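>>> My questions are about this predicted structure, shown below with the sequence.
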Amino acid sequence: MAASSWRGLLIDIDGVLHVGEQPLEGAREAIDRLRAHGPPFRLVTNTTSRSRRLVVERLRGMGFELEAGEVLTPASLAVELCGERGYERVALHVADALLEDLAELAGGQDARDPQAVILGDLGEGFTYARLNAIFAQLRAGAELLALQRNRYWQSERGLVLDAGPFVAALEYASGREAVVTGKPSRAFFATALGQLGVAAGEAAMIGDDLEADVGGAIDAGLSGVLVRTGKFREADLAASSVRPTLVWDSIAELARS
């Protein structure tokens with residue numbers, strides 16, 4: 001199946017276009033090919049350690065030609081959800097580099113009597129004290145809005161824990177289920193498709209995460225393309241119940257299709 005058979009593409013960033021500060025071979029050429037010949041695309045990331053502006057600046061520094069509007073992150077959906085639910089007091093447990101994307105929401109990590117907690121990847125900031133403070137806010141009635149719940153991601157030093165294990169711990173302790181605004185949320189995929197103006201059955205998601213990228217896309221009605229880069233491990237594919245529509249060696253397949 002060639003990229004030309006789809007009317008829209010959603011593409012993950014970390015592990016698909018680059019690992020650390022190193023672009024993956026053929027990734028820039030693939031994006032250039034899409035820009036020249038289509039189909040239209042969005043870069044959809046669960047990265048919550050930096051703002052959309054910083055994500056775009058980082059990619060540009062690696063040689064990718066991109067506009068800010070071509071990147072979708074979970075933070076914007078969290079802001080929309082808080083507006084829809086009328087949350088005025090929101091505790092923000094996210095990296096400082098993400099705060100600019102949540103500027104419409106009042107409150108810091110110590111917001112008084114928050115109606116909701118927004119949780120992103122805190123990395124080394126996932127301390128016992130921080131997790132216990134979030135637990136107390138949830139027990140007091142705040143809703144847990146997880147920007148994402150990926151299990152792990154591929155860094156330059158290997159696989160490292162992502163936000164998902166900490167989201168699961170807070171769910172278990174509080175007895176409350178998180179609302180996830182990033183992948184694999186159907187709302188996230190619907191927002192991206194809405195920006196492209198295409199139906200789910202006409203689009204594909206390309207990613208290195210079997211659950212959030214491929215499984216989430218298939219559940220939302222898209223084709224799911226798994227790439228053998230980033231966090232991909234052959235053993236995970238063999239053990240998973242998720243069956244990708246296609247498996248590519250890398251995003252470079254786009255430039256050849």
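Perfect, thanks for sending it. Numbering: from 1, shown residues only.
>>> In contact with the closest residue to residue 215 other than its chain neighbours, which residues?
Spatially, and ignoring its direct neighbours in sequence, residue 215 is nearest to residue 242 (4.2 Å; CB to CB, 6 or more residues apart in numbering). (Glycine included, C-beta is placed from N, CA and C.) Residues near residue 242 by CB atoms under 8 Å, 6 or more residues apart in numbering: 210-211, 214-215, 218, 224.
>>> Go through those residues and name the one nearest residue 135.
residue 211 (24.9 Å; CB to CB).
>>> in stretch 204-222, what's buried?
204-218, 220, 222 (16 or more other CB atoms under 10 Å).
>>> Which parts of the stretch 1-150 of the chain are helices?
With DSSP state H, counting those that start in this stretch as the criterion, the stretch 1-150 of the chain has helices at 27-37, 52-61, 74-85, 128-139.
>>> Looking at these, which is nearest to residue 167?
Here helix 128-139 is closest among the helices of the stretch 1-150 of the chain (CB to CB), at 10.0 Å.
>>> Report all helices and strands that that closest one contacts.
Applying 3 or more CB pairs under 8 Å, 6 or more residues apart in numbering; DSSP states H and E, one finds that helix 128-139 contacts strand 90-93, strand 116-119, helix 164-174.
>>> Enumerate the positions of the longest one that are buried.
I take that to be helix 164-174. Here helix 164-174 shows 164, 166-167, 170-171, 174 as buried, counting by 16+ other CB under 10 Å.
>>> Need the CA coordinates for that helix. CSV is fine.
This file holds the C-alpha atoms of helix 164-174, laid out as CSV (Å, rounded to 0.1, in the frame of the first residue of the first chain):
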residue,chain,number,x,y,z
GLY,A,164,2.2,6.2,31.7
PRO,A,165,3.6,4.2,34.7
PHE,A,166,3.0,7.2,37.0
VAL,A,167,-0.5,7.8,35.6
ALA,A,168,-1.3,4.1,36.3
ALA,A,169,0.1,4.4,39.9
LEU,A,170,-2.1,7.4,40.6
GLU,A,171,-5.2,5.7,39.1
TYR,A,172,-4.5,2.6,41.3
ALA,A,173,-4.0,4.7,44.5
SER,A,174,-6.9,7.1,44.0
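>>> Can you flag which of the contacts of residue 242 belong to strands?
Counted as lying in strands by DSSP state E, out of the contacts of residue 242, are residue 224.
>>> In helices only, show me the contacts of residue 242.
residue 218 (DSSP state H).
>>> Where does pLDDT dip in this protein?
1-4, 106-109, 257 (pLDDT under 70).
>>> one more time with 80, if that's ok
Applying pLDDT under 80 to the chain picks out residues 1-4, 106-111, 255-257.
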